[in-house]
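> no sequence on this one, just coordinates:
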DNA sequence: TAGTGGTCTAGACCACCGG
DNA sequence: CGGTGGTCTAGACCACTAT
């Protein structure tokens, strides 16, 4: 039934901006319950095809968007899944008040102590991803007791700390001296960067820059 | 109620791999209808926190994934939304059999004629994104009649051609001579690339490399 | 095959927001 | 204010799959 409704809309030749019938009418026409239409429309709304507003009704989006879903896995798993040998090395683990840049990412106004952790992930012994992370000790005091030499912060957090909000930013940068040195590439080489910040109920958990060596690709399918 | 359930699970201290009670039991404990639990769990499943299987029950994912939803808009809209002036220039429009690389992206074994379209998108007169695209004339014969000088292929396709599958790949490259020249940047500069391939029912529609000028960021929130 | 989630129904009430 | 979508209920039946 849900698929019937999806097809009815997709092939119904509604143009961008057109208003669809109200759920109740669609339910009548298609001979099904309103809650069924509601579910189907909710799906279409989630996938970005349609926009719904109380009283305003349901409209076909006039500005279609491509919604791609990224899977950002535990780095160790990612490496091992490719059949490579995973390694990881802690570069720094220190406690400090975060710089303004980190505060901004967390949308915080009053600073508190955080843990800064830098680490290198290896694939078959070669540098793979450089991770520069800040962890809020107010939200995750348990992190104080973990040394992150055996298990990476990436893995420990993903396995132990649920989150309710996550911002991601993707971009490219040229390798500076430090990145070039750590990742064993030439200065100026193009590097792919994933920046991720997570919260649990508005409380900041962690923000991380993951800088990948050349050749890294992030894939999705939808 | 749905939020109550979400919180109950998030704070319920279930570890990765743990099995949750069946929907029916949760409904009893939380004093609500099973369909309410079902909806809440469906959400958690969609967001990647939990895995559900008939007869197998609901488990907290042992390999948690960060699901980030990218919005890939029409480039003109993106530029205009920033308050900038949009421009666009067709660089090439030719018909040919696609190279192996393009065939591979489409997962095709037998070649057929396609349209190759290259174009530059401008923001306030400055190069913004370089687009290198192949369009299947078998699937989209209408493209033969469009010259893409007034409306970019990016916009024409998004507005006219629905798709049912979309692969996206994200990575960084260093500007070669040609990219540097077209985008007016120095050779070797880091460029952010979005590669997108779309199908309608297994029939290839288009594959495109969108190469962005330095400073470009792709953002998500979930 | 039995236990679990997936979908649907028919109805109710609520929350938002446009005219 | 009234019309629309958002959420919930209590129940039914179906579809998958682990045991």
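Yep, it's here. Since we're looking at a predicted model, the values are computed, not measured.
> What is the end-to-end distance of stretch A:19-28?
Stretch A:19-28 has an end-to-end distance of 17 Å (CA to CA, to the nearest Å).
> quick one: buried residues of it?
Residues of stretch A:19-28 classed as buried by neighbour count (16 or more other CB atoms under 10 Å in any protein chain shown): A:20, A:23, A:26-27. C-beta coordinates here come from the backbone N, C-alpha and C atoms, glycine included.
> in chain A, which segments are predicted with low confidence?
Residue ranges of chain A with pLDDT under 70: A:221.
> any idea how far residue A:143 lies from DNA strand D?
Per CB to the nearest atom of the strand, to the nearest Å, residue A:143 is found 34 Å from DNA strand D.
> got a list of what that residue touches?
Contact analysis of residue A:143 by CB atoms under 8 Å, 6 or more residues apart in numbering or on different chains lists A:115, A:135, A:137, A:153, A:156.
> Those residues of chain A touching DNA strand D, which are they?
A:20, A:22-24, A:34-35, A:38, A:41-42, A:45, A:52-58 (CB under 7 Å from any atom of the strand).
> which parts of chain A sit against DNA strand C?
By CB under 7 Å from any atom of the strand, the residues of chain A that approach DNA strand C are A:1-2, A:31-36, A:39-40, A:53-56.
> check contacts around residue A:188.
Counting by CB under 8 Å, 6+ apart, residue A:188 touches A:174-175, A:180, B:174, B:188.
> repeat that for 6 Å
Counting by CB atoms under 6 Å, 6 or more residues apart in numbering or on different chains, residue A:188 makes contact with A:174, B:188.
> Check residue A:215 too.
If a contact means CB under 6 Å, 6+ apart, then residue A:215 has no contacts.
> tell me which element it is part of?
Here residue A:215, judged by DSSP states H and E, is contained in no helix and no strand.
> before we move on, the earlier item: narrow the residues of chain A next to DNA strand D to those in helices?
Judged by DSSP state H, the residues of chain A next to DNA strand D include A:23-24, A:34-35, A:38, A:41-42, A:45 as members of helices.
> Just the buried subset of those residues, please.
Among those, those buried by neighbour count (16+ other CB under 10 Å) are A:23, A:41.
> Quick check: the farthest pair among the ones in helices among the residues of chain A next to DNA strand D?
Greatest spacing in those, by CB to CB: A:24 and A:45 (16.9 Å).
> What residues does chain A have near chain B?
Contacts of chain A with chain B, taken as CB under 6 Å from any CB of the partner chain, map to A:63-73, A:77, A:158-159, A:162, A:166-174, A:188, A:190-192, A:217-222.
> Which of those residues are buried, as a ChimeraX select command?
ChimeraX command restricting the residues of chain A next to chain B to the buried ones, with burial defined by 16+ other CB under 10 Å:
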select /A:63,64,65,66,67,68,69,70,72,73,158,162,166,167,168,169,170,171,172,173,174,188,190,191,192,218,220,222
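> Go through the residues of chain A next to chain B and flag which are in strands.
Using DSSP state E, A:66-72, A:166-174, A:190-192, A:218-221 are the members of the residues of chain A next to chain B that sit in strands.
> Now do residue A:1: how many residues are near it, please.
Per other CB atoms under 10 Å in any protein chain shown, the neighbour tally for residue A:1 reads 13.
> so who does it touch?
By CB under 6 Å, 6+ apart, the residues touching residue A:1 are A:32, A:36.
> try 8 Å
Counting by CB under 8 Å, 6+ apart, residue A:1 has contacts A:30, A:32, A:36, A:40.
> Next, the closest residue to the last one other than its chain neighbours: secondary structure please.
The shortest distance from residue A:40 to any residue that is not its chain neighbour, by CB to CB, 6 or more residues apart in numbering or on different chains, is 3.8 Å, and that residue is residue A:5. Using DSSP: H, G, I helix; E, B strand; the rest coil, the structure places residue A:5 in helix.
> number of nearby residues for residue A:5?
For residue A:5, the count of nearby residues is 21 (other CB under 10 Å).
> Correct me if wrong, but residue A:103 is in a helix.
Yes: counting by three-state DSSP, residue A:103 is found in a helix.
> dump the residue contacts of the residue nearest to it when sequence neighbours are not counted.
Closest residue to residue A:103 apart from its sequence neighbours, by CB to CB, 6+ apart: residue A:111 at 6.1 Å. Going by CB under 8 Å, 6+ apart, residue A:111 touches A:97-98, A:103.
> Tell me the one of the residues you listed nearest residue B:210?
Nearest to residue B:210 among these, with distances taken as CB to CB, is residue A:103, at 32.6 Å.
> For the closest one, give its distance to residue A:134.
10 Å (CB to CB, to the nearest Å).
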